[in-house]
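*Asks:* Quick one: sequence plus predicted model below, questions after.
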Amino acid sequence: MAISEQVVYETAVELHRRAATVLPQDVRARLKALEDGEQDGLSRFVLSCIADNWAAAEQDSRPLCADTGLPRFYVKCGNDLQLDGGFHALETALRRATQEATRAIPLRPNRVHPLSRRDFNNNVGAHAPGIAYTFEPEGDWIDITTVHRGGLFGSDYRMLFPSDGIPGIKRFFLDCLGQFFQRGLSCPPVIVGIGLGGTKDDSFRIGQEAACLRLIGDRNPDPQIAELEQELEELGNSSGFGPMGFRGRSSILSVHVESAYAHTGGLPVSVHHFCFAARRSTVRINNDNSVEFREDPLWFTPYYRREEV
Ligand code: SF4
């Protein structure tokens, strides 16, 4: 059997709905832990308001925030995948689903032409929604994750020297916290994704994926990187920033670092914030057209992180 375009379309509309209106369990649990540990009264109040807001949004099956972000897809293909109509049919289904979800949920139609500001009112346009692909050596399925990133989604890049090392990474991480929070580029608490190494575009790609496609509490399997994640998380939560930029100790939900082999002369670093609205949802569609929704994107597999030839 092969996966039909209609099944992809209907499933992707539902995937968008879940991402927009259901807060993932890992984010929910971490927000509660931050609220319990926050000493500042105002910041505790803000965190409790976020929880109340989510409960109300979920009850009405509506998005938490008026900015419903920029929907995009991450597609992982098993090597034995069968797609009726091939990848053209898949992409058509995902674009149609984004148009329908924008109307039905509704999502705010955020996508506009960068100069004319023309808006088709459906979150579809040139290079929108973005679709990224990875592959697995086995599997008669396709995994589709949608992420709706906050519109201004703080991201930045810096080319460090190898000798800047971990102190340089920490400096950049803290500079981004201050800049993004003060300029309203992200709403804390946030998941911070960091891309270390690779080329500039590799660093950006894996850093954004680290922010959006890993569960809170999941540590990088490389012990040196896992230790850095822990250190940065503690550093961020002792920086004086609390939720929504108030004073406190709870601006960071989690720090996720991913690495790629870099040029021997440089240490590229990118930093990305994914706000507490954390809109993501994943589904597996099997070749027999059966469908399984889940919360964990399972994006960073051992195969995806492989080092060998
Ligand atoms: S960063 Fe998140 S919470 Fe803030 S406006 Fe954007 S989507 Fe809403």
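*Replies:* Ah, there it is.

*Asks:* so what's Gly130 up against?
*Replies:* The contact partners of Gly130, by Cβ atoms under 8 Å, 6 or more residues apart in numbering, come to 70, 72-73. Every residue, glycine included, has its C-beta placed from N, CA and C.

*Asks:* go again using 7 Å as the cut-off
*Replies:* By Cβ atoms under 7 Å, 6 or more residues apart in numbering, the contact list for Gly130 reads Arg72.

*Asks:* Please work out how many residues are found near Phe120.
*Replies:* 14 (other Cβ atoms under 10 Å).

*Asks:* An error on my part: the question was meant for Ser239.
*Replies:* Applying other Cβ under 10 Å, we find 17 residues neighbouring Ser239.

*Asks:* Same check on the one 10 residues further on?
*Replies:* Arg249 sits with 20 neighbouring residues when counted by other Cβ under 10 Å.

*Asks:* near the ligand, which residues of the protein?
*Replies:* Proximity of the chain to the ligand, by Cβ under 6 Å from any ligand atom, involves residues 65, 67, 69, 150-151, 186-187, 275, 277.

*Asks:* repeat that with 5 Å
*Replies:* Residues of the chain lying close to the ligand by Cβ under 5 Å from any ligand atom are 65, 67, 150, 187, 275, 277.

*Asks:* Now flag whichever of those residues is closest to Asp40.
*Replies:* Taking Cβ to Cβ as the measure, Asp40 sits nearest to Cys187 out of the residues of the chain next to the ligand, at 17.1 Å.

*Asks:* Going through the residues of the chain next to the ligand, which ones are buried?
*Replies:* Buried members of the residues of the chain next to the ligand, counted by 16 or more other Cβ atoms under 10 Å: 65, 67, 150, 187, 275, 277.

*Asks:* about what we covered before: okay, who's weakest in the residues of the chain next to the ligand by pLDDT?
*Replies:* Note: of the residues of the chain next to the ligand, the lowest pLDDT belongs to Gly150, at 80.

*Asks:* got the contact list for that one?
*Replies:* With contact set as Cβ under 7 Å, 6+ apart, Gly150 has these partners: 67, 69, 186, 275, 277.
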